[in-house]
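Engineer: sequence-free structure coming up:
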């Protein structure tokens, strides 16, 4: 059975991933490690304000974490949250993989009854 994670949490994560810029931000952070917001903004064709808003959405979902050192804000990806979603999808895949076997068993049973 699919692993049960908090529906609100899952919904927030999936909504956050629905905008193409946010997964790109996560990929960048996973590759580069903790990065200053201003450095992240330079990498994307959008304003610093827009990047800050994207990051705030990711922070609310727990996909990123902000570390503030004086005036410097470092953003770090939190892959454990993605692992939760991956486990949930793995559970769905396992259910899906069982379905053809169940269907085949049903047809075999019907053939025996005929």
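Structural biologist: Nice, thanks for sending it over. All figures in this text were calculated on a predicted structure; none of them were measured in a lab.
Engineer: For stretch 74-81, buried residues please.
Structural biologist: Within stretch 74-81, the residues scored as buried using 16 or more other Cβ atoms under 10 Å are 74, 75, 77, 78, 81. From N, CA and C alone the C-beta is placed, and that goes for glycine too.
Engineer: As CSV, those residues with pLDDT and secondary structure would be great.
Structural biologist: CSV is the format used below for those (pLDDT from 0 to 100; DSSP: H, G, I helix; E, B strand; the rest coil):
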residue, pLDDT, secondary structure
74, 95, strand
75, 96, strand
77, 94, strand
78, 92, coil
81, 84, helix
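Engineer: Go ahead and flag the most central residue of this structure.
Structural biologist: Nearest to the geometric centre of the chain sits residue 82, at 4.6 Å (Cα atoms, centre = their mean).
Engineer: Chain neighbours aside, what residue packs nearest to residue 57?
Structural biologist: In space, residue 57 comes closest to residue 16 once its chain neighbours are excluded; the distance is 5.3 Å by Cβ to Cβ, 6 or more residues apart in numbering.
Engineer: show me what contacts that neighbour?
Structural biologist: For residue 16, the contacting residues are 22, 57, 58, 60, 61, 63, by Cβ atoms under 8 Å, 6 or more residues apart in numbering.
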